[in-house]
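[1] Sequence plus the predicted model coming up.
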Amino acid sequence: MISFQMLPSTWPTNYQQAVACQQACQGKVRLIPLAAPPRLVAGVDVAYDKVGAALYGAVVVMSLPDLEIVEEVGAIGEQQFPYIPGLLSFREIPILIKALEQVRHRPEVILVDGQGIAHPRGLGLATHLGVLVEMPTIGCAKSRLIGTFRELGREKGSVSPLEWQGQTIGVVLRSRRNCKPLYLSPGNLITMTETLEIVKQCLGKYRLPLPLREAHLLSQRLRAEALLSQS
């Protein structure tokens with residue numbers, strides 16, 4: 001199992017505390033090359049209870065390059081932070097760490113359904129998680145928070161740099177023909193080039209990279225099973 005540093009005892013509970021926490025973490029972000037090409041990659045996802053406050057965290061570890069499932073892990077917890085745009089990490093990180101702590105096959109890279117550095121304060125969910133667990137992370141978001149890009153081609157694999165304030169903060173990728181693009185950005189301990197290369201390796205016939213799709217399916221299954229047990 002993976003051992004992580006415990007969450008701070010003063011985990012933010014409001015907007016002001018969360019922004020201060022993000023600002024304190026900014027200096028800990030390092031975009032550096034991986035030590036070696038990854039052989040195991042994980043996708044993580046969180047599902048929300050449609051009525052109550054429960055959260056369902058999922059981790060799916062897959063092999064590269066064959067994309068076979070190596071391990072699936074889930075965890076259930078309670079929401080500790082309200083929904084506030086730009087502060088998703090404070091809702092989802094506690095349950096994701098709870099799930100990651102159960103993983104027996106340590107991935108070299110974690111794909112996250114959220115932003116990396118393509119965030120107003122440079123600290124989206126993927127970046128914040130990567131700083132806390134000290135592991136390489138990639139933000140793979142379905143929508144854009146900031147930045148501009150040129151129009152993409154309609155073909156799978158079309159890309160465009162995501163620019164903001166004169167800097168490249170990510171890349172926009174058409175992961176499937178005629179499908180809405182994905183907004184990729186490095187989280188922590190990985191480079192922009194590696195971010196794009198690894199996501200491309202994880203693509204199948206769906207819009208989402210396979211590790212993220214499998215994690216999403218697992219989180220939905222955990223929620224459905226929990227609801228069924230309560231009925």
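    Looks like it arrived, so ask away.

[2] Who does the spatially most central residue of the chain form a beta bridge with?
    By Cα atoms, centre = their mean, the chain has its centre lying nearest to residue 112, at 1.3 Å. Beta-bridge partners recorded for residue 112 (DSSP bridges): residue 44, residue 139.

[3] Roughly how far does it sit from residue 150?
    Distance check for residue 112 against residue 150: by Cβ to Cβ, to the nearest Å, it reads 25 Å. For every residue, glycine as well, the C-beta is placed using N, CA and C.

[4] so for the longest helix seen in the chain, what's the average pLDDT?
    Across the chain, the longest stretch assigned as helix under DSSP state H is helix 210-230. The average pLDDT within helix 210-230 is 93.

[5] which helices and strands does it pack with?
    Under the contact criterion of 3 or more Cβ pairs under 8 Å, 6 or more residues apart in numbering; DSSP states H and E, helix 210-230 touches strand 40-48, strand 54-63, strand 69-78.

[6] quick one, strands of this structure?
    Along the chain, the segments classed as strands by DSSP state E run 40-48, 54-63, 69-78, 109-112, 137-141, 159-164, 167-173, 182-188.

[7] Can you add distance to residue 89 and mean pLDDT and give those back as a markdown table?
    Below are the strands of the chain laid out as a markdown table (distance: least, Cβ to Cβ, whole Å; pLDDT from 0 to 100):
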| stretch | distance to residue 89 | mean pLDDT |
| --- | --- | --- |
| strand 40-48 | 11 | 97 |
| strand 54-63 | 13 | 97 |
| strand 69-78 | 15 | 97 |
| strand 109-112 | 9 | 98 |
| strand 137-141 | 11 | 98 |
| strand 159-164 | 19 | 97 |
| strand 167-173 | 17 | 97 |
| strand 182-188 | 10 | 98 |
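
[8] could I get those strands as TSV with distance to residue 34?
    Output for the strands of the chain, formatted as TSV (distance: least, Cβ to Cβ, whole Å):
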stretch	distance to residue 34
strand 40-48	11
strand 54-63	16
strand 69-78	18
strand 109-112	7
strand 137-141	11
strand 159-164	20
strand 167-173	17
strand 182-188	11
